[in-house]
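Trainee: 3D, please:
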Amino acid sequence: MKSSRPQFLPSLLLSALLLLHLHTIRAVDSSLSFAPSVQPPASTGATDFIRTGCNSTLYPDLCYSSLSGYASTIRQDPAQLALVAISVTLSNARRMTTYVSNLSRQADYEADTRAAAALHDCFSNFGDAVEEINGSLKQMRQLKSSSRSSFRFQMSNVQTWMSAALTDEDTCTDGFEDVSDGPMKKDICDRVEYVKKLTSNALALVNRYAETGTN
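Mentor: Model (predicted):
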């Protein structure tokens, strides 16, 4: 027996529902950034080390603000700097995946099929990115126990996976090119851009360590 529920809702209702959904999620999660846990006071040397390392990235201010809270963990260890940068990126990528998933489920009931398709694709792309960043993190954690001969091979894996994650994140925003401008599109693209910057910074720190570091 066919349902009497309309298959499509008017565009005006779509916009209203998406706006309501965005405001609801923002009330719970007002910021996408990953808040660092409380750390003991760090030495000036550690924070200076992070500042110097971040100068090799495309977004040094964001790099420093996202990592300086972990100075006591990073100390003056380039491997730890790269590892923590990957960890912070992973946390934000996971949050983004959850956020897109929630919007995607809502969009399944709306009239804008292009937006719904873009959200589904973005969710899939971020799922891949999370796996790749997580793989990078696991590989970085194994470097301490790896032999010298395998160091460059392992770092090559980390570089490849972080680059692939950045490509997947780019693909997410590419999918919204044919979607009409509106609050949902801007919100998604702004949030993805933030994660892309974190990913880019983490990759830059990985590259820097791969060039100069040893296990």
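Trainee: Only C-alpha atoms from now on, for both contacts and neighbour counts.
Mentor: OK.
Trainee: Residue 187 and residue 137, how far apart?
Mentor: With distances taken as Cα to Cα, to the nearest Å, residue 187 is found 28 Å from residue 137.
Trainee: Give me the more crowded residue out of these two.
Mentor: Neighbour count, other Cα atoms under 10 Å: between residue 187 and residue 137, residue 137 has more, with 22 against 12.
Trainee: what's the helix or strand the more buried one falls within packed up against?
Mentor: In this structure, residue 137 sits in helix 113-141 according to DSSP states H and E. Here helix 113-141 touches helix 78-107, helix 148-174, going by 3 or more Cα pairs under 8 Å, 6 or more residues apart in numbering; DSSP states H and E.
Trainee: would you list the ones you listed in a markdown table and tack on distance to residue 205, mean pLDDT and mean neighbour count?
Mentor: Listed next are those as a markdown table, based on distance: least, Cα to Cα, whole Å; pLDDT from 0 to 100; neighbours: other Cα atoms under 10 Å:
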| stretch | distance to residue 205 | mean pLDDT | mean neighbour count |
| --- | --- | --- | --- |
| helix 78-107 | 5 | 93 | 21 |
| helix 148-174 | 10 | 93 | 18 |
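Trainee: So for residue 206, which of the ones you listed sits nearest?
Mentor: Among those, helix 78-107 comes nearest to residue 206, with 5.3 Å by Cα to Cα.
Trainee: What does the pLDDT read for the closest residue to residue 155 other than its chain neighbours?
Mentor: Using Cα to Cα, 6 or more residues apart in numbering and skipping the chain neighbours, the partner closest in space to residue 155 is residue 210 (6.1 Å). pLDDT, residue 210: 92.
Trainee: Pull the contacting residues for residue 210.
Mentor: Counting by Cα atoms under 8 Å, 6 or more residues apart in numbering, residue 210 makes contact with 152, 155, 156.
Trainee: for residue 63, same thing?
Mentor: Residue 63 touches 54, 57, 198, 201, counting by Cα under 8 Å, 6+ apart.
Trainee: can you tell me the helix or strand for it?
Mentor: Using DSSP H and E, residue 63 sits within helix 60-67.
Trainee: to the chain's geometric centre, what's the distance from that helix?
Mentor: The chain centroid and the centroid of helix 60-67 are separated by 14 Å under Cα atoms, centre = their mean, to the nearest Å.
Trainee: and after that helix, which helix or strand comes next?
Mentor: On the C-terminal side of helix 60-67, the closest following helix or strand by DSSP H and E is helix 71-74.
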